[in-house]
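Enquirer: Please work out how this folds:
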Amino acid sequence: MATRGTNRARLLLVSLLVTSLLLITLDLRGVSVVSSIRGFTQSALAPFQSFGSTLISPVGRFFSDLFNLNNTRERIDELEKENQELKAQVIFNEDIEGELKQLKGVLDLAGKARFKTVSARVISKGGTATISESIVIDQGSNAGIRRDMTVIAASGLVGVVKSTTGNASVVMLMSDPAFRVGVRVAGSQFMGVLSGEGQNLFSLQMLSAATDISVGDVLLSRGSSGDVPFVPGVPVGKVVFVENATGQLTKQARVEPFVDLNSIGVVSVVLDSRGNNPGDALVPAAPRPAPTVTVFVTPSPNE
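Expert: Numbering: from 1, shown residues only. I've put the predicted structure just below:
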């Protein structure tokens, strides 16, 4: 048995030597046996490599997409936050721009009348226990404001101061049902009393039955004794309807105010009229009519 095993070993060794000599001889003659075997192996394994790549690639893409999705969501959240901040900034800028425009308007009005005023921002609108329609402004007695002072805006009369603290004042709006102000028709001396009726509604009661009043007439504050509570010449509103009921002792009318009481953000309180009566100088300028555009059609040469 030992002799048979030895013979097999010798035969295997001889076979390996012969094979090695054969490969060396072929390689010396330019025949690349090793490269051919490698090429065959790669060709044989190529389908398996392709299959493995096809199987593993979606898994890799899934984890890559999952990572990118988290990054995208974070970026979307950042952009939404930035968008909200930009919207808030735009609203703030629009509010500031609106307040500056109103402030310029009321200062222009006071300047024309040569009134001494203090300007204030409206910080709330609503009512109190005794006043149904009022606003609160951020200036008070520390700025020289006292009860029964006239309050104006860029377009005209707003109301009258009813109470103050050091840094705030309550203003009764002219739309309050308890509000009354003496007025006159611009361009004449016809006088009447304007009353608030709430909800931006106003009625006018003329003092004389012989008064000539028409739709479109402008009403100005008549002024009070000592300019308290009203200084003269402040635009109040315009007549939009005249009642001609039979048997009326005096003429009555409906009035549209010049000031939109629902959108005021800045007002001025008249501290001193300095004895000036601006007369009709503060009457709002009539809006200019839109220009008429005439279009001429030139016929073509073929017509």
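
Enquirer: quick check, Asn68 in a helix?
Expert: Yes - with DSSP: H, G, I helix; E, B strand; the rest coil as the criterion, Asn68 is part of a helix.

Enquirer: ok, which stretches of the stretch 51-200 of the chain are helices?
Expert: In the stretch 51-200 of the chain, no helices are found when defined by DSSP state H, counting those that start in this stretch.

Enquirer: where in it is pLDDT low?
Expert: Residues of the stretch 51-200 of the chain meeting the criterion pLDDT under 70: 51-67, 88-95.

Enquirer: Okay, strands next: where are they in it?
Expert: Using DSSP state E, counting those that start in this stretch, the strands found in the stretch 51-200 of the chain span residues 116-126, 134-137, 150-153, 156-164, 169-173, 180-185, 191-196.

Enquirer: Just name the most buried of these.
Expert: Burial of these is given as mean neighbour count (mean count of other C-beta atoms under 10 Å); strand 150-153 ranks first at a mean of 27. Backbone N, C-alpha and C define where each C-beta goes, glycine included.

Enquirer: Residues in contact with stretch 188-200: which ones?
Expert: Here stretch 188-200 makes contact (C-beta atoms under 8 Å, 6 or more residues apart in numbering) with 132-133, 173-185, 202-208, 211-213, 219, 222, 236-237, 255, 257, 260-262.

Enquirer: who touches Pro232 in this structure?
Expert: Counting by C-beta under 8 Å, 6+ apart, Pro232 has contacts Leu220, Ser221, Arg222, Gly223, Ser273, Asn277, Pro278.

Enquirer: any idea how far the closest residue to it other than its chain neighbours is from Glu85?
Expert: If the residues on either side of it in the chain are set aside, Pro232 comes closest to Gly223, at 2.9 Å by C-beta to C-beta, 6 or more residues apart in numbering. Noted for Gly223: a distance of 50 Å to Glu85, by C-beta to C-beta, to the nearest Å.

Enquirer: Ok, Asp108 next?
Expert: Distance from Asp108 to Glu85, by C-beta to C-beta: 35 Å.

Enquirer: What about Leu109, how many residues nearby?
Expert: Neighbourhood size, Leu109 [other C-beta atoms under 10 Å]: 22.

Enquirer: separation between it and Arg8?
Expert: 124 Å.

Enquirer: Next: Arg121.
Expert: 112 Å.

Enquirer: what do you get for Gln248?
Expert: Per C-beta to C-beta, Gln248 is found 143 Å from Arg8.

Enquirer: Put the buried members of the contacts of Pro232 into a ChimeraX selection.
Expert: Burial among the contacts of Pro232 is assessed by 16 or more other C-beta atoms under 10 Å; the matching ChimeraX selection reads:
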select :220,221,222,223,273,278
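
Enquirer: Pipe the contacts of Pro232 into CSV and attach secondary structure per row.
Expert: Formatted as CSV, the contacts of Pro232 follow (three-state DSSP):
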residue, secondary structure
Leu220, strand
Ser221, strand
Arg222, coil
Gly223, coil
Ser273, coil
Asn277, coil
Pro278, coil
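
Enquirer: Just name the closest of the contacts of Pro232 to Glu97, please.
Expert: Using C-beta to C-beta, Pro278 is the member of these that lies nearest Glu97, at 28.6 Å.

Enquirer: Show the contacting residues for that closest one.
Expert: Lys112, Ala113, Arg114, Pro232, Gly233 are the contacts of Pro278 under C-beta under 8 Å, 6+ apart.

Enquirer: rerun that using 7 Å as the cut-off
Expert: Lys112, Ala113, Gly233 (C-beta atoms under 7 Å, 6 or more residues apart in numbering).

Enquirer: isn't the last one right up against Leu220?
Expert: Okay, so that is Gly233. Yes - assessed by C-beta atoms under 7 Å, Gly233 is found in contact with Leu220 at 5.5 Å.

Enquirer: mind checking the SS state of Gly226?
Expert: From three-state DSSP, the assignment for Gly226 is helix.

Enquirer: how far away is it from Arg254?
Expert: Here Gly226 is placed at a distance of 31 Å from Arg254 (C-beta to C-beta).

Enquirer: Then Pro235?
Expert: 17 Å.

Enquirer: Between those two, which has more neighbouring residues?
Expert: For Pro235 versus Arg254, neighbours defined as other C-beta under 10 Å are more numerous around Pro235 (24 against 16).

Enquirer: For the more buried one, what are phi and psi?
Expert: Backbone torsions for Pro235, taken as degrees, to the nearest 10, come to phi -60, psi 130.
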